[in-house]
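[1] Sequence and predicted structure, then a few things I'm wondering about:
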Amino acid sequence: MTRFEVHPDPAAVAEATADRFVAAARRSIDANGIFFVALSGGSTPKQVYPLLLEPSRRDAVDWSRVEFFWSDERAVPPDHPDSNFGIAYQMLLAHLPDVRADRIHRMPAEAAEIDAAALSYESELRLAFGARGSEPPPFDLIWLGMGPDGHTASLFPGTLALEEAERWVVANWVPSADAWRMTLTHPVLDAARRVLFVVTGADKADAVRAVRAGGSGLPAESVSGRRVHWIIDAAAAGEPEAT
């Protein structure tokens, strides 16, 4: 099931995303005693993280029961300004109460042998979820963004990781960025209980329009989790600005 929810501007999208995150965390913790989440990269989380630190949201979640993973990572050290982990740690994790260090699972994408590091991260997933066999782990929430080219996580158009059907985490060479990335693959994205796409900006409008029409072949459209929910702003929806 895929739903689209349009808000007037990025600030409203960020508020809705923060509320959705807290609701998903509370639901999962109440039901199973734990919340498995994969955080997003990109610019939108920078607007959402401060909202999660507001007392009404921060105090609504038992953060000691959250297992933090990432959907993808750039091949940079954790203290690099482009690190998805680094941004999340500095803006959110370092300020939350009761977060357990052993439940923060950083993608070590700066490793010299990035494919070996991806295999190690898959093993970390297996251990955290208690997974056996080939059945992918069912994240409670995977938070994703989308680029103007329709990529999500680090599944870029035309790259090999799009075709991966068995491994859960891979190294992916992205020619358009001239860089390696580490990314979750479709088996994991599609197994999630909930997938949340958060997309803002007029530069995404063509890709959003193509995804909503269907049959685009864009990586973001091919994510087929049990519940796929898009929260987008009016600009990304191609709607005129309010006057």
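    Cool, got the structure. Numbers count the residues shown, from 1 in each chain.

[2] Any stretches of the protein with poor pLDDT?
    241-243 (pLDDT under 70).

[3] Can you show me the helices along it?
    When assigned using DSSP state H, the helices of the chain occupy the ranges 10-32, 44-52, 55-58, 84-91, 114-129, 186-191, 205-213.

[4] For residue 175, find the nearest of these.
    For the helices of the chain, distance to residue 175 was read as Cβ to Cβ. The smallest value, 15.8 Å, belongs to helix 114-129. Yep, even glycine has a C-beta here, placed from its N, CA and C like the rest.

[5] what residues does the closest one touch?
    Outside of helix 114-129, the residues that reach it under the criterion Cβ atoms under 8 Å, 6 or more residues apart in numbering are 36, 67, 69, 75, 103, 105, 107-109, 111, 131-132, 137-138, 167-171, 180, 182, 188.

[6] Stretch 192-204 too?
    Counting by Cβ under 8 Å, 6+ apart, the neighbours of stretch 192-204 from elsewhere in the structure are 10, 13, 17, 20-21, 24, 38, 40, 44, 48, 138-148, 152, 189, 208, 220, 223, 225-233, 235-236, 238.

[7] same thing but 6 Å
    The contact list for stretch 192-204, computed with Cβ atoms under 6 Å, 6 or more residues apart in numbering, reads 10, 13, 17, 44, 138-146, 148, 223, 225-233, 235-236.

[8] Just the ones of these in strands?
    Members of the contacts of stretch 192-204 lying in strands (criterion: DSSP state E): 141, 142, 143, 144, 228, 229, 230, 231, 232, 233.

[9] circling back to that earlier point, now distance to residue 158 too, for the helices of the chain, in TSV please.
    Output for the helices of the chain, formatted as TSV (distance: least, Cβ to Cβ, whole Å):
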stretch	distance to residue 158
helix 10-32	28
helix 44-52	24
helix 55-58	39
helix 84-91	22
helix 114-129	19
helix 186-191	15
helix 205-213	15
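
[10] looking at the ones you listed, which is closest to residue 159?
    Residue 159 sits nearest to helix 186-191 of all these, at 12.2 Å, using Cβ to Cβ.

[11] And that closest one, what's buried?
    The neighbour-count check on helix 186-191 (16 or more other Cβ atoms under 10 Å) flags 186, 187, 188, 189, 190, 191 as buried.

[12] For residue 30, state which of these is nearest.
    Relative to residue 30, the closest of the buried residues of helix 186-191 is residue 191; by Cβ to Cβ it sits at 21.4 Å.

[13] Can you give me every residue that contacts the residue nearest to the closest one when sequence neighbours are not counted?
    Of all residues not flanking residue 191 in the chain, residue 136 sits nearest, at 4.0 Å (Cβ to Cβ, 6 or more residues apart in numbering). Residues counted as contacts of residue 136 (Cβ under 6 Å, 6+ apart) are 168, 187, 188, 191.

[14] ok, 8 Å please
    168, 187, 188, 190, 191 are the contacts of residue 136 under Cβ under 8 Å, 6+ apart.

[15] and which of those is nearest residue 95?
    Closest to residue 95, out of all of those and judged by Cβ to Cβ, is residue 188, at 27.9 Å.

[16] mind listing what that closest one touches?
    Going by Cβ under 8 Å, 6+ apart, the list of residues near residue 188 reads 125, 136, 137, 139, 142, 168, 169.

[17] Considering the residues you listed, which possesses the most neighbours?
    Of all the contacts of residue 188, residue 142 has the most neighbours under the rule other Cβ atoms under 10 Å, reaching 29 neighbours.

[18] was I right about that one contacting residue 186?
    No: in this structure, residue 142 is not within contact of residue 186 by Cβ atoms under 8 Å, at 11.4 Å.
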